[in-house]
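Enquirer: sequence and predicted structure, then a few things I'm wondering about:
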Amino acid sequence: MRFKNTRGSLKVFAVAGTQTVLFSLDIAKTKVQGKKLIGFSFERKDKNGQVKKLNGSKRFESLKGTAKQNISLVQTYFWKDYTADPGQTYTYTIKAMMGAANNFSTGYEVSIKIQTEPLNTGIHSVYFNYGVTGSQAYSNRFDNKHVDDLSPEKKKQALAMLGRELWQDGLLQFVQQAKDNSYQLVGMFYELQYKEFLLALKKAKQNGAAVEIRYSAKTGQKEKNEAAIAAAGIESFCNIRTKVSQPHNKFMILCKDGKPIEVWTGSTNITLQGIFGQSNTGHWIKDAGVAEKYFQYWNIIKDNPTVAQSAVISEAVKADTDLTTLKKGTHIFFSPRSSPTLLSHYAHLIDSAEKMACMIIPFNIDDLFRDVYAKDKDHLRYILFEKAAEAKSVQSNDRDLMITAGAILKTPVEQWVKEISSKTNTGAGILYVHNKFFLIDPLEKVPVVVTGSANFSKSSITINDENTIVIKGDQRVADIYLTEYSRMFEHFWPRYLSTLPVRSFSKPLDEGYSWHLDYYNTAKMGCKRKKVFNAMKDAKEN
């Protein structure tokens with residue numbers, strides 16, 4: 001949901017997802033220039049009156065070693081709260097502080113009341129784990145240990161933090177709906193190995209539901225999948241998928257009284273690493289029409305057809321089309337397909353953005369996207385890569401393109417501790433981001449979200465099993481994806497910069513009163529982002 005308070009001198013604009021809230025501030029330059037604006041103070045009050053400071057971790061160098069050394073303010077016009085809960089009402093108070101580091105007072109103040117999105121409501125519900133993006137917190141709380149090396153109670157706490165709502169409220173709850181013989185649950189999985197999930201499938205079967213699963217039996221997945229299936233004792237309703245390059249789907253369909261009613265999809269493999277390690281997305285759709293299309297696809301793919309045979313049903317459900325002309329609603333594209341044309345449509349859709357485009361690329365970037373991002377555009381574009389090498393390989397002179405990649409803080413820096421990747425705490429191969437989505441003009445009236453299992457490569461279109469959904473015009477969905485995207489991008493940005501030559505992880509807070517100038521310089525990203533957020537459509541005025 002989107003909110004604003006523009007009545008006073010200090011204005012605030014907010015976008016609330018389920019668990020992340022983004023804030024953009026604005027104040028006339030004449031009110032702060034030469035007035036010793038030293039920073040902003042952020043404070044949150046919940047419905048019970050509990051107050052929490054949200055001022056970050058940076059400190060003033062001049063106060064180091066003094067009684068005031070822990071004083072912190074926010075020196076940015078773009079701030080975020082990563083600790084919100086779904087379906088809650090909060091009041092945030094932001095104060096513009098004037099003065100010196102050791103002696104400042106409130107110059108301007110604004111409050112804004114917001115509601116976070118409920119976790120599970122409407123047609124679309126979206127779930128993200130914390131994964132590696134919680135690494136600083138994980139390092140402090142769990143001493144950089146693998147989850148299996150923790151005590152049972154500590155492991156439970158670690159998995160709750162890393163899994164967030166993706167596991168308990170998402171994957172597990174979806175399966176637990178199949179509670180009697182009026183339900184049928186079917187699914188396609190690339191990696192099917194997490195014991196607790198397999199036992200949940202077994203429980204659904206014991207409750208009388210009809211359960212049928214297909215899993216990848218290709219080299220790299222077969223041995224681990226079949227060992228986990230055997231250990232859980234669910235061989236009777238699991239069968240193989242082999243006749244494509246990679247059976248890369250990760251979806252389930254819930255049927256009630258013989259009719260498909262709901263779908264679970266996204267990027268999450270059913271492994272410890274997928275649910276609790278690298279960043280992943282789960283997407284729950286309560287729409288019988290969408291579920292019926294998935295069921296049509298399932299009824300063909302379950303019999304292990306060839307690539308060519310599979311392409312027939314993929315294209316019958318939804319043919320290749322210009323994605324910029326889609327009507328509002330939910331559109332499903334399955335793979336494999338007979339040609340890679342759909343990839344060109346994805347690139348064209350990104351190229352059509354007018355205000356903002358955000359993309360995650362967990363593997364290699366296709367040349368079609370390289371060409372799009374090589375163009376000099378006058379709107380904001382963001383790319384988050386899994387690998388730093390891929391991020392550094394993108395060639396562009398566009399000053400409005402921001403690129404980052406997964407990284408950790410490898411050595412302690414002042415109050416920040418050494419971090420670990422998901423390889424250390426869960427044994428993951430993909431260390432940072434495994435999500436597969438991009439956003440087009442997410443703050444506009446008709447945003448577009450593209451999400452699913454596919455890696456936006458030619459292989460994912462032509463020779464793999466995949467499913468991708470294109471959601472047009474749903475602001476709730478766009479707000480959730482944007483807030484979580486920002487959470488990940490902002491987390492990795494300073495860590496990635498620290499891997500580049502002559503860049504540091506963090507600088508102390510500025511005491512020379514120049515930090516705010518970029519937010520009034522129209523050539524700078526901070527100013528451009530401020531303008532986009534402050535022009536968001538359909539924000540409710542406090």
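Expert: Perfect, I can see it now.

Enquirer: longest helix anywhere in this protein?
Expert: helix 475-497 (DSSP state H).

Enquirer: using the three-state scheme, assign the closest residue in space to Q309 that isn't next to it in sequence.
Expert: Computed as C-beta to C-beta, 6 or more residues apart in numbering, the closest residue to Q309 that is not its neighbour in sequence is I300, at 7.4 Å. Heads up, the C-betas are built off the backbone N, CA and C, glycines and all. Counting by DSSP: H, G, I helix; E, B strand; the rest coil, the backbone at I300 sits in helix.

Enquirer: relative to the whole chain's centre, how far out is stretch 533-542?
Expert: How far stretch 533-542 lies from its chain's middle: 22 Å, per C-alpha atoms, centre = their mean, to the nearest Å.

Enquirer: correct me, but Y520 touches G526?
Expert: No - between Y520 and G526 there is no contact under C-beta atoms under 8 Å: 9.1 Å.

Enquirer: so the residue nearest to Q309 sits against A311, correct?
Expert: No - if you go by C-beta under 8 Å, I300 and A311 don't touch, sitting 10.3 Å apart.

Enquirer: out of the two, which sits in the busier spot?
Expert: Taking neighbours as other C-beta atoms under 10 Å, I300 and A311 compare with A311 leading, 20 against 17.

Enquirer: now do the SS call for the nearest residue in space to T83 that is not next to it in sequence.
Expert: Distances taken as C-beta to C-beta, 6+ apart put K52 closest to T83, at 7.4 Å, once the chain neighbours are dropped. Reduced to three states with three-state DSSP, the structure at K52 is strand.

Enquirer: what about K52, neighbour count?
Expert: 13.

Enquirer: residues in contact with it?
Expert: Contacts here follow C-beta atoms under 8 Å, 6 or more residues apart in numbering; on that basis K52 touches 43-46, 83.

Enquirer: let me see the domain layout of the chain.
Expert: The record assigns the chain these domain ranges, following automatic domain parsing: 2-118+523-541, 124-497.

Enquirer: related to what we said a few turns ago, in CSV, list the contacts of K52 along with secondary structure and neighbour count.
Expert: Converted to CSV, the contacts of K52 look like this (DSSP: H, G, I helix; E, B strand; the rest coil; neighbours: other C-beta atoms under 10 Å):
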residue, secondary structure, neighbour count
E43, strand, 15
R44, strand, 18
K45, strand, 16
D46, coil, 14
T83, coil, 11
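
Enquirer: same list, these, but as JSON lines with distance to Q168 and pLDDT please.
Expert: Shown next, in JSON lines, are the contacts of K52 (distance: C-beta to C-beta, whole Å; pLDDT from 0 to 100):
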{"residue": "E43", "distance to Q168": "30", "pLDDT": "98"}
{"residue": "R44", "distance to Q168": "24", "pLDDT": "98"}
{"residue": "K45", "distance to Q168": "27", "pLDDT": "98"}
{"residue": "D46", "distance to Q168": "22", "pLDDT": "98"}
{"residue": "T83", "distance to Q168": "18", "pLDDT": "94"}
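
Enquirer: tell me the pLDDT of A137.
Expert: If you check A137, the pLDDT there is 83.

Enquirer: tell me, how many residues neighbour the residue nearest to it when sequence neighbours are not counted?
Expert: Once flanking residues are discounted, A137 sits nearest to M161: 6.9 Å by C-beta to C-beta, 6+ apart. Applying other C-beta under 10 Å, we find 16 residues neighbouring M161.

Enquirer: just the pLDDT at G134, thanks.
Expert: The model's pLDDT for G134 equals 60.

Enquirer: could you do S504 as well?
Expert: At S504, pLDDT is 59.

Enquirer: coming back round to it: what's across from the residue nearest to T83 in the sheet?
Expert: Assessed by DSSP bridges, K52 has beta-bridge partners R44.

Enquirer: next secondary structure element downstream of the longest helix of the chain?
Expert: Counting by DSSP states H and E, the next helix or strand C-terminal to helix 475-497 is helix 525-534.

Enquirer: now tell me what touches that following helix from outside.
Expert: 11, 13, 15, 22, 24-26, 76-78, 355-356, 379-380, 399-400, 402, 443, 518-522.

Enquirer: using CSV, write out every CA atom in that helix.
Expert: The C-alpha coordinates for helix 525-534 follow below in CSV (Å, rounded to 0.1, in the frame of the first residue of the first chain):
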residue,chain,number,x,y,z
MET,A,525,20.4,9.0,-8.7
GLY,A,526,19.3,10.1,-5.3
CYS,A,527,17.4,13.0,-6.7
LYS,A,528,15.9,11.0,-9.5
ARG,A,529,14.7,8.2,-7.2
LYS,A,530,13.2,10.8,-4.9
LYS,A,531,11.2,12.2,-7.8
VAL,A,532,9.9,8.8,-8.8
PHE,A,533,8.9,7.8,-5.3
ASN,A,534,7.3,11.1,-4.6
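
Enquirer: list the buried residues for that helix?
Expert: 525-526, 528-530, 532-534 (16 or more other C-beta atoms under 10 Å).

Enquirer: stretch 173-190 too?
Expert: The neighbour-count check on stretch 173-190 (16+ other C-beta under 10 Å) flags 173-175, 178, 183-190 as buried.

Enquirer: so which strand or helix has M161?
Expert: Element membership for M161 (DSSP H and E) is helix 152-165.

Enquirer: correction: G274
Expert: Applying DSSP H and E, one finds G274 within helix 272-276.

Enquirer: following that helix, which helix or strand shows up next?
Expert: Following helix 272-276 in sequence order, the next helix or strand is strand 281-286 (DSSP H and E).

Enquirer: and for the residue lying closest to G233 once chain neighbours are set aside, the neighbour number?
Expert: Distance criterion C-beta to C-beta, 6+ apart; nearest residue to G233, sequence neighbours excluded, is K202 at 6.6 Å. Applying other C-beta under 10 Å, we find 17 residues neighbouring K202.

Enquirer: surely K202 meets S236?
Expert: No - using C-beta under 8 Å, K202 is not in contact with S236, being 9.8 Å away.

Enquirer: who touches L192 in this structure?
Expert: Counting by C-beta under 8 Å, 6+ apart, L192 makes contact with 198, 213, 215-216, 225, 228-229, 238, 270.

Enquirer: in strands only, show me these.
Expert: The strands, defined by DSSP state E, take in 213, 215-216, 238 from the contacts of L192.

Enquirer: list only buried entries from these.
Expert: Buried members of the ones in strands among the contacts of L192, counted by 16+ other C-beta under 10 Å: 213, 215-216, 238.

Enquirer: what ranges in the chain fall below the confidence cut-off?
Expert: By pLDDT under 70, the weakly predicted segments of the chain are 132-134, 412-416, 502-506.

Enquirer: at 90 instead, please
Expert: For the chain, applying pLDDT under 90 flags the ranges 56-57, 131-140, 143-145, 408-431, 494-495, 497-507.

Enquirer: for A539, state which of the buried residues of stretch 173-190 is nearest.
Expert: Q173 (31.3 Å; C-beta to C-beta).

Enquirer: before we move on, what SS does the closest one have?
Expert: helix.

Enquirer: ok, for it, nearest residue in space, not its chain neighbours?
Expert: Nearest residue to Q173 in three dimensions, chain neighbours excluded: N120, at 7.7 Å (C-beta to C-beta, 6+ apart).

Enquirer: what is the neighbour count of that neighbour?
Expert: Per other C-beta under 10 Å, the neighbour tally for N120 reads 18.

Enquirer: out of the domains of the chain, nearest to K507?
Expert: domain 2-118+523-541 (7.8 Å).

Enquirer: quick one: end-to-end length of that closest one, please.
Expert: 9 Å (C-alpha to C-alpha, to the nearest Å).
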